[in-house]
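Enquirer: sequence plus predicted model, see below.
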Amino acid sequence: MSVDTKRNFQKMVDDGKPVGEVIAVNNFLVEIRGMQPVNLHSLLIFEDGSKGFVNHILEDRVMALHLGAKAVKVGML
């Protein structure tokens, strides 16, 4: 991951944007805990710089579609 990507991700975290933790991965479907408040179809940026979007909101987690080429891993932000 590039230095700019790391810097941009950290800036979003520092600015108080909702941050979550990946708790499960099934191919391109990712479960994330702690993203509230978030809207359906919100764009997500994972700590590796890859993107995804929210496709389902549950009470304690969200389901997102990962759009990156490399798989995300449990524990990623």
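Expert: Looks like it arrived, so ask away.
Enquirer: where does the protein have low pLDDT?
Expert: Low-confidence segments of the chain (pLDDT under 70): 1.
Enquirer: can you map out the strands along it?
Expert: 21-26, 29-33, 43-45, 51-57, 62-66 (DSSP state E).
Enquirer: closest to N8 out of the ones you listed?
Expert: strand 43-45 (7.9 Å; C-beta to C-beta). Any C-beta I mention is one placed from the backbone N, CA and C, and that applies to glycine too.
Enquirer: and the contacts of that closest one?
Expert: With contacts defined as C-beta atoms under 8 Å, 6 or more residues apart in numbering, strand 43-45 is touched by 8-9, 12, 32, 35, 51-54, 64.
Enquirer: among the residues you listed, which one has the most neighbours?
Expert: Compared across the contacts of strand 43-45, A64 has the highest neighbour count, 27 neighbours, by other C-beta atoms under 10 Å.
Enquirer: who does that one bridge with?
Expert: V30, V54 (DSSP bridges).
Enquirer: so what's it up against?
Expert: A64 neighbours (C-beta under 8 Å, 6+ apart): 29-32, 44, 52-55.
Enquirer: out of these, which comes closest to L77?
Expert: I32 (9.1 Å).
Enquirer: follow-up on the earlier one: got a markdown table for the strands of the chain, with distance to V74 too?
Expert: A markdown table is the format used below for the strands of the chain (distance: least, C-beta to C-beta, whole Å):
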| stretch | distance to V74 |
| --- | --- |
| strand 21-26 | 5 |
| strand 29-33 | 9 |
| strand 43-45 | 16 |
| strand 51-57 | 15 |
| strand 62-66 | 13 |
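Enquirer: out of these, which comes closest to D4?
Expert: It's strand 43-45; of the strands of the chain, that one is closest to D4 (C-beta to C-beta) at 12.5 Å.
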